[in-house]
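Peer 1: Provided below are the primary sequence and the corresponding predicted coordinates.
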Amino acid sequence: MDTNFAKSRRRDLILAFCLAAIAALVPLFVKDVYVQNIMVLTLMWGALSQSWNILSGYCGQISLGHALYFGIGAYTTALLFTKFGVLPWFGMIGGGVISAIIAMALGYPCFRLRGHYFVIATIVIAEIGLLLFHNWDWAGAAMGIDIPVRGDSWLKFQFTRSKLPYFYFALALACVAWFVTWWLEDSKWGYWWRAVKDNPEAAESLGVVVFNSKMGAAAVSAFLVAVGGSFYAQFVSYIDPESVMGFQFSLLMALPAVLGGIGTLWGPMLGAVILIPLTELTRSFIGGSGRGVDLIVYGGLIIAISLARPQGLVGLFAPRRKEAAR
Amino acid sequence: MNITRRNVLLGATAAAALGPVAARAQTSEVVIGVIYPFSGASAQMGVDAQKSFETALDIINKNHDFDLPLAKGEGLPGLGGAKVRLVFADHQADPQKGRAETERLITQEKVCAVVGTYQSAVAVTVSQICERYQIPFISADNSSPSLHRRGLKFYFRAAPHDEMFSAAMFNFFDAMKKKGAKIDTLSLFHEDTIFGTDSANTQLKLAADRGYKIATDIKYRSNSPSLSAEVQQLKTANADVLMPSSYTTDGILLVKTMAELGYKPNAIVAQDAGFSEKALYDAVGDKLEGVISRGSFSLDLAAKRPMVGKINAMFKEKSGKDFNDLTSRQFMGLLVMAEAINRAKSTDGEKIREALVATDIPGEQTIMPWKRVKFDELGQNNDADPVLLQYIGGKFVTIFPPQAAIAEAVWPMK
């Protein structure tokens, strides 16, 4: 029994597989580290935005405090490695679990808030986290943590010059985040979340446990974002509170999803593929003047795109039949 | 050239032998990367830095009659008169962007050396990348002491770090006490990023060593909207000296709030940053008669070394400002790097590093009050003596150390 929906889901999966395979081959042709660096960042932000989209897009709980989970992931890995010699692979899982627990602990009081009150709460909590790390001497306080790089090692996940291992990890992370979203989309949770997003009261009356479904979305979302944070710490090999927990990170996670199409499967990745290279290239090629031209161009393009496609760029790729049916 | 795939760096010696050498052997042009914040909150710092580097470039590439390295003659004689070209990159005060831009400078722009960065946090990642690619890095104006202690081989700093600056303040206190001034208690007031934290830690340690009592130690969130509670605490503590470590906007707010709450300290001895910025004195200079700030530069030097005045005039023509503590260090940073490249007679990173290690420029051949430029094994120049400057009648005069001073300190400040 093949419904149209099942067909389109299978098409999504095949498309994703093909895209991932093509992406995996790109570094064979693109050897320039600078371009590779942009690809790593694009995939990482795509994955982060995809994770953010689970809570804020599908479940409709707009969070502007995801930098907290990103930072916790980065700090857990860096601290475990520099203080106790724990390999970053374990740090990644540890950071993810801690973040998921914290997300649920914070969700307990915060999910009682609605709409913009919830958004404000997420901003404030992330800011508290930033301040705590700023003043926590054991965690390096304002000085941050410098992760010593001693040669290439898969075990320690650090590479002096090569970007390829980072690229493949970021690609894997993006695939995992995409697949989790794809899988959840058609699960009981996915339907619950969309119901909660549309109308919590109606959902509740139909037997959806609203509170639990929000908690579930928060935990999955925070876990994946924290893994991204761990990756970032290894990638940059230096972290300080401002550079992993600043408010701009929360915004940067939301932007690709909003631009590409919030609450859609392909939106966050599409947004990241457009936004991140745009940021990097404008800065590198017109940013040296000191006049902020790059930021004006960047901001202008975002405004132009959002004016042209307010529902998200992903709509451009919607099957023609739907358009005709309207 | 397929560097990325090569899993080099198995040992330090093996690493030293390799590196992206071949492509840069013979050049008629020497490319140096300059990485600063050109957008965002500290963009002005980058813009001023750019003017300072362009002034230094002018001196290197054109013929000038100054007693400075590379001033006479055009370009770098060691490389057959090759001209220096600068490539500017913007790091937006973000360590990740600093890292990526440095990598771009090295791999795409093929720079043979890097100078930067204003923010210490960015200097951490920029110097890491330079180390990995074996490209020398001069930290022109970063003053965090932790930077050179990481044991990087390609890291160099010609200017003083914060411990040297703070030590100069305490030397000054000791000297004033000998003359009979009452200095027993100190109030520390510092912001919470690397700069303020490092500065306060050093001051706490020095105070303990030299027997000064800390009346209060206040750490505040940088860019705070209000400092009333903090200033109230300072007022209550009423120490003999107030020692702020603040950037410009916080500094202005501090001085304004002090005036509002009627707190007039006996003396203020500031850790540079905001307190050497023209913007701060434009805003609240009238309330700051007699404030003392540390610095690594003083225009008073022009009286003893006339070329300082002339070079300052060159800079002023480009920027509309006098050299300050930061721009003077940036100027020297590029000059020291170019001087080493000239002696290395090569644009190979390892050769330039060796030349930097052997650097020995007498203080008279700089625009700074330094004894000389000579790096220790960690890449720090320990002969870069800082100065203390006092703001009197709308300008700064050098009051310490005695060999650089042109006036006696006014104590207490008013």
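Peer 2: Ah, there it is. Note that the structure is a prediction, hence the values are computed from the model and not measured.
Peer 1: which element is residue B:34 on?
Peer 2: Taking DSSP states H and E as the definition, one finds residue B:34 inside strand B:29-36.
Peer 1: model confidence over that strand, on average?
Peer 2: Averaging pLDDT along strand B:29-36 yields 95.
Peer 1: helices and strands around it, which ones?
Peer 2: helix B:43-61, strand B:83-90, helix B:95-107, strand B:113-116, helix B:325-344 (3 or more CB pairs under 8 Å, 6 or more residues apart in numbering or on different chains; DSSP states H and E). Yep, even glycine has a C-beta here, placed from its N, CA and C like the rest.
Peer 1: Any chance of those in JSON lines with mean neighbour count and mean pLDDT as columns?
Peer 2: Below are the helices and strands packed on strand B:29-36 laid out as JSON lines (neighbours: other CB atoms under 10 Å in any protein chain shown; pLDDT from 0 to 100):
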{"stretch": "helix B:43-61", "mean neighbour count": "22", "mean pLDDT": "92"}
{"stretch": "strand B:83-90", "mean neighbour count": "20", "mean pLDDT": "93"}
{"stretch": "helix B:95-107", "mean neighbour count": "26", "mean pLDDT": "92"}
{"stretch": "strand B:113-116", "mean neighbour count": "29", "mean pLDDT": "94"}
{"stretch": "helix B:325-344", "mean neighbour count": "26", "mean pLDDT": "94"}
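Peer 1: any chance of these in a markdown table, with distance to residue B:382 too?
Peer 2: Shown next, in a markdown table, are the helices and strands packed on strand B:29-36 (distance: least, CB to CB, whole Å):
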| stretch | distance to residue B:382 |
| --- | --- |
| helix B:43-61 | 23 |
| strand B:83-90 | 27 |
| helix B:95-107 | 26 |
| strand B:113-116 | 20 |
| helix B:325-344 | 15 |
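Peer 1: Dihedrals phi and psi, residue B:243?
Peer 2: Main-chain torsions, residue B:243, degrees, to the nearest 10: phi -120, psi 90.
Peer 1: give me every residue that touches it.
Peer 2: The neighbourhood of residue B:243, defined by CB atoms under 8 Å, 6 or more residues apart in numbering or on different chains, consists of B:169, B:186, B:187, B:188, B:189, B:203, B:268, B:269, B:270, B:271.
Peer 1: what's the closest of these to residue B:86?
Peer 2: If you rank the contacts of residue B:243 by distance to residue B:86 using CB to CB, residue B:271 comes first, at 29.6 Å.
Peer 1: okay, now the residue nearest to that closest one when sequence neighbours are not counted: neighbour count?
Peer 2: Once flanking residues are discounted, residue B:271 sits nearest to residue B:245: 4.0 Å by CB to CB, 6 or more residues apart in numbering or on different chains. By the other CB atoms under 10 Å in any protein chain shown criterion, the neighbourhood of residue B:245 contains 28 residues.
Peer 1: My read is that residue B:245 contacts residue B:191, right?
Peer 2: Yes - taking CB atoms under 8 Å as the definition, residue B:245 is a contact partner of residue B:191 at 6.5 Å.
Peer 1: And the residue nearest the centre of chain B?
Peer 2: For chain B, the residue nearest the mean C-alpha position is residue B:141 (2.4 Å; CA atoms, centre = their mean).
Peer 1: just for the stretch 201-326 of chain A, where's the confidence low?
Peer 2: For the stretch 201-326 of chain A, applying pLDDT under 70 flags the ranges A:287-294, A:318-326.
Peer 1: redo that, cut-off 50
Peer 2: Where the stretch 201-326 of chain A drops to pLDDT under 50, the residues are A:320-326.
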